[in-house]
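Engineer: Sharing a model prediction with you, sequence too.
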Amino acid sequence: MFFKDPADELEKKLKAAEARLKNFEDVLVGGSNSGISLQQKLFTNYTESIVPNVDKVNSILELGIKTLVSYEDALEFTIKSSNDIQKSFGLSRERLDDFKISLVNAAPELLKMGVNADEAKDIIVEVGNAFGNTGVIGKEAITELAATTKLTGIETSKLATNFREVGISIYDVGDTMKEVVNYAKSVGVSVKAVSDGVVSNLGKMNLYNFDNGVKGLTKMAAQAARLGIDLNTTFTLAEKVFDPEGAIDLAASLQRLGVASNDLLDPLRAMDLAQNDPEELQNQLVDLTKTFTKFNQESGKFEILPGEKRRIREIAKEMGILPEKLAEMSIKAAEFDRKMKSIEFPTANKEEQELIASLSQISGGTAVIEIEGKMKDVSKLTSDDIKSLKDQEAEANKSIEELARDQLNQLEDLNANVSALAAEFGLNVVVSKEGQRLQQLGNATMNELFKEIDKEYTGEDVRKTTSGLAGPVEEIFVKYAKGEATLTDVATQLGKSFVSLTDVAKKFELGVQNILDSYGNKLLEKSKEIYKPVLDKIEQDKKKKEESGEGKIVTVNHNFNFTGDPSVVAKISPQEAMNSVLTGLKSDNSGVAELKHILKTEYT
């Protein structure tokens, strides 16, 4: 054949086109043959030209994409959190919406701190339980409590309960704890230990007078953390000398045990310290313990003198304190005192001296500190060294939320920001009025359908229909098995059942139509109910426009006189006359004013 079959040729062309289309599809979507999508190829080529470490960029983007909160995730989060809050407080739908808004406002901020958004819900529940009410907690309080918990490791419920006991609002917890954190850092002691000491003993502010309130308690907690003691040790002593009898007994016992100089030897002074200055009472206790120790040059460490060990036991017994706690305090107090005495920088204030002493170590009898990777004798520190130490620890201008965010590394911070951005979008879509109406419509769509199905096909109807169809078939097979029926009988019954099945199918079809008719009406009613606020607003706007005359078409009838040659004027068409009038009005402001006057006086 000299000519190819047109049908065969067309088929080959179609197959070739399909193959090219398949290859193009593989490239676009990353099919099994290509292994990588066109988008990925273009992105990789681009990043290779500008970024030396493509793998790192890809991994960061991958993490970001994985943390994106989809609308479905946001919807699931708000529904689950709302249900948990409702179960805890028994709220109405209207009140629950207020909590939803509070949750949504706080969630992105929590994510920026690397805190799980679920903790926003937990904070609301815990604070509500602690306060015994169902007041809505604002975004500021939620984020500050979450930041404080992340920074200090103290549970939200404990923060809320303990601060409430001393009359401090949950909206002030963040600022208060920020001061606690900053002071702990400024003197070089553990933030967690100081924070826990303060929060655990806030109730003591109702029993004793502290210098500057929480600040005085913070200083006590910092000293206790530095010396490894429990604040309860000091408060046990305070209770001991709070009344005259206890103060006199302790003073007499200390004198008998050879204590030479200490404010605790004066009963009146001891009572005053217990009631009005627990911080100084703790200082007196620390000073007392310093006399029990001595630095051993050979071993390079502090030791309790042999003759003082029995005295420690006796003094501890009189104070109501465990001997081992008093001994531990003695060693650490003496060590810290030696570090403080090693500091020879004259302009360093007390906090700077305590910072240096807390960060330094005793090595060979000398206090040394690491600055910029090098060990340095504290007695040889310069002003630049002290500034470097302060810069490392000082964060006074940062909020409690910023301090919490500082705990994240760069990748965690990027991850947190991407999550927060996605949550900001998804969650606000979910709780918007339009979004909530859409959710209600979606729920109504399914609920109304199921209601109509249940109404049309009840369980009893299904059982009767099944029995009517399967019963005779089962009966004939039983008879056949017993030899009481033939295959002809079986075939006859199957034919009858098939006819019955056809009738059932027709009834089912009719039922479906009934469901759709009723369902459509019910869904329309439900839609009107859900969107009633919107429809009412449209109607109100329409009435306002009608009342104001906005958009109203007004027909004006007015006579205009045209002067000139009668033969020319008579030939002017109505359209030409109108154009002439409009041109005149546009070029003559007085004409426009006249027209406005006519409309105002004759047609309003």
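Structural biologist: Now that the structure is in, tell me what you want to look at. Numbering: from 1, shown residues only.

Engineer: hey, let's count contacts and neighbours off CA atoms from now on
Structural biologist: Fine.

Engineer: quick one: low-confidence parts of the stretch 251-400 of the chain?
Structural biologist: Of all residues in the stretch 251-400 of the chain, those with pLDDT under 70 make up the ranges 345-347, 364, 390-397.

Engineer: Helices along that one, start to end?
Structural biologist: 267-276, 278-290, 308-319, 323-342, 350-359, 383-393, 400-405 (DSSP state H, counting those that start in this stretch).

Engineer: got a markdown table for the ones you listed, with mean neighbour count and distance to residue 242 too?
Structural biologist: Output for the helices of the stretch 251-400 of the chain, formatted as a markdown table (neighbours: other Cα atoms under 10 Å; distance: least, Cα to Cα, whole Å):
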| stretch | mean neighbour count | distance to residue 242 |
| --- | --- | --- |
| helix 267-276 | 21 | 5 |
| helix 278-290 | 20 | 11 |
| helix 308-319 | 17 | 12 |
| helix 323-342 | 20 | 20 |
| helix 350-359 | 20 | 29 |
| helix 383-393 | 14 | 38 |
| helix 400-405 | 22 | 37 |
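
Engineer: what's the domain layout of the chain?
Structural biologist: Structural domains of the chain, as assigned by automatic domain parsing, span the residue ranges 1-50, 51-168+408-429, 172-180+200-407, 433-536, 564-604.

Engineer: Adding distance to residue 545, write those domains out as a markdown table.
Structural biologist: Shown next, in a markdown table, are the domains of the chain (distance: least, Cα to Cα, whole Å):
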| stretch | distance to residue 545 |
| --- | --- |
| domain 1-50 | 52 |
| domain 51-168+408-429 | 31 |
| domain 172-180+200-407 | 49 |
| domain 433-536 | 14 |
| domain 564-604 | 15 |
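
Engineer: quick one, which of those domains is nearest to residue 191?
Structural biologist: domain 51-168+408-429 (6.7 Å; Cα to Cα).

Engineer: could you point out which element follows the helix or strand where residue 496 lies?
Structural biologist: Counting by DSSP states H and E, the element that carries residue 496 is helix 487-530. From helix 487-530 onward toward the C-terminus, using DSSP H and E, the following helix or strand is helix 532-548.

Engineer: If you average the pLDDT over that next one, what comes out?
Structural biologist: The predicted model assigns helix 532-548 a mean pLDDT of 78.

Engineer: and residue 207, how many neighbours does it have?
Structural biologist: When neighbours are counted by other Cα atoms under 10 Å, residue 207 registers 11.

Engineer: For it, what are phi and psi?
Structural biologist: phi -110, psi -30 (degrees, to the nearest 10).

Engineer: what's the answer for residue 212, then?
Structural biologist: Main-chain torsions, residue 212, degrees, to the nearest 10: phi 60, psi 30.

Engineer: Per-residue pLDDT of it, please?
Structural biologist: At residue 212, pLDDT is 83.

Engineer: and the gap between it and residue 104?
Structural biologist: 37 Å (Cα to Cα, to the nearest Å).

Engineer: Repeat that for residue 281.
Structural biologist: 48 Å.

Engineer: What of residue 398?
Structural biologist: Distance of residue 398 to residue 104, computed by Cα to Cα: 24 Å.

Engineer: for residue 530, same thing?
Structural biologist: For residue 530, the distance to residue 104 equals 23 Å [Cα to Cα].

Engineer: Between those two, point out the one with more neighbours.
Structural biologist: residue 104 (26 against 17).

Engineer: hang on, the earlier thing: out of the domains of the chain, which gets the lowest mean score?
Structural biologist: Among the domains of the chain, domain 1-50 scores lowest, at a mean of 48.

Engineer: what's the residue lying closest to residue 316 once chain neighbours are set aside in contact with, if anything?
Structural biologist: Nearest residue to residue 316 in three dimensions, chain neighbours excluded: residue 323, at 5.2 Å (Cα to Cα, 6 or more residues apart in numbering). If you count contacts by Cα atoms under 8 Å, 6 or more residues apart in numbering, residue 323 has them with 312-313, 316-317.

Engineer: what number of residues lie near residue 259?
Structural biologist: Neighbour count for residue 259, taken as other Cα under 10 Å: 17.

Engineer: Could you do residue 96 as well?
Structural biologist: 18.

Engineer: so is it in a helix, a strand, or just coil?
Structural biologist: helix (DSSP: H, G, I helix; E, B strand; the rest coil).

Engineer: buried stuff in the lengthiest strand in the chain?
Structural biologist: For the chain, the longest strand by residue count, based on DSSP state E, is strand 366-371. The neighbour-count check on strand 366-371 (16 or more other Cα atoms under 10 Å) flags 366-369 as buried.

Engineer: ok, so of the residues you listed, who is nearest residue 307?
Structural biologist: Using Cα to Cα, those come closest to residue 307 at residue 366, 26.1 Å.

Engineer: What separation do you get for the nearest residue to the closest one once chain neighbours are set aside and residue 342?
Structural biologist: Among residues not flanking residue 366 along the chain, residue 377 sits closest, at 7.2 Å (Cα to Cα, 6+ apart). Going from residue 377 to residue 342 by Cα to Cα gives 9 Å.

Engineer: tell me, what's touching the two both at once?
Structural biologist: In contact with both residue 377 and residue 342: 366-367, using Cα under 8 Å, 6+ apart.

Engineer: Strand partners (parallel or antiparallel) of the longest strand of the chain?
Structural biologist: Strand pairing for strand 366-371, using DSSP bridges, gives strand 361-363 (antiparallel), strand 374-377 (antiparallel).

Engineer: I would like the residues contacting that strand, please.
Structural biologist: Contacts for strand 366-371 (Cα under 8 Å, 6+ apart): 338-339, 342, 356, 359-362, 375-379, 385, 388-389.

Engineer: ok, which pair from those residues is furthest apart?
Structural biologist: So, the contacts of strand 366-371 by Cα to Cα: farthest apart are 338 and 388, at 22.6 Å.

Engineer: and which of the contacts of residue 323 is nearest residue 403?
Structural biologist: Among the contacts of residue 323, and counting by Cα to Cα, the member closest to residue 403 is residue 316, at 40.2 Å.

Engineer: Against residue 406, how distant is that closest one?
Structural biologist: In terms of Cα to Cα, residue 316 sits 43 Å off from residue 406.

Engineer: re earlier: just the C-alphas of the longest strand of the chain, formatted as PDB.
Structural biologist: Below are the C-alpha coordinates for strand 366-371, written out as PDB (Å, rounded to 0.1, in the frame of the first residue of the first chain):
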ATOM      1  CA  THR A 366      40.900  32.200  94.800                       C
ATOM      2  CA  ALA A 367      37.500  33.300  93.400                       C
ATOM      3  CA  VAL A 368      37.600  33.100  89.600                       C
ATOM      4  CA  ILE A 369      35.000  33.800  86.900                       C
ATOM      5  CA  GLU A 370      34.700  32.900  83.200                       C
ATOM      6  CA  ILE A 371      34.400  36.000  81.000                       C
END
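
Engineer: ok and that strand relative to helix 350-359, angle-wise?
Structural biologist: 100 degrees (axes from the mean of the first three to the mean of the last three Cα atoms, to 10 degrees).

Engineer: starting at the chain centroid, how far to stretch 502-518?
Structural biologist: Put simply, stretch 502-518 sits 51 Å off its chain's centre (Cα atoms, centre = their mean, to the nearest Å).

Engineer: And for stretch 172-187?
Structural biologist: The mean C-alpha position of stretch 172-187 is separated from the chain mean by 22 Å, Cα atoms, centre = their mean.

Engineer: again, but for stretch 250-259
Structural biologist: Offset of stretch 250-259 from its chain centre (Cα atoms, centre = their mean): 56 Å.

Engineer: Just the buried residues of it, please?
Structural biologist: 250-254, 259.

Engineer: quick check, nearest of those to residue 513?
Structural biologist: residue 250 (94.9 Å).

Engineer: Contacts only, for residue 404.
Structural biologist: By Cα under 8 Å, 6+ apart, the neighbours of residue 404 are 113, 147-148, 150-151.

Engineer: Could you report the neighbour count for the residue nearest to residue 366?
Structural biologist: So residue 377, with other Cα under 10 Å, has 17 neighbours.

Engineer: Contacts only, for residue 523.
Structural biologist: The contact partners of residue 523, taken as Cα under 8 Å, 6+ apart, are 444-445, 448.
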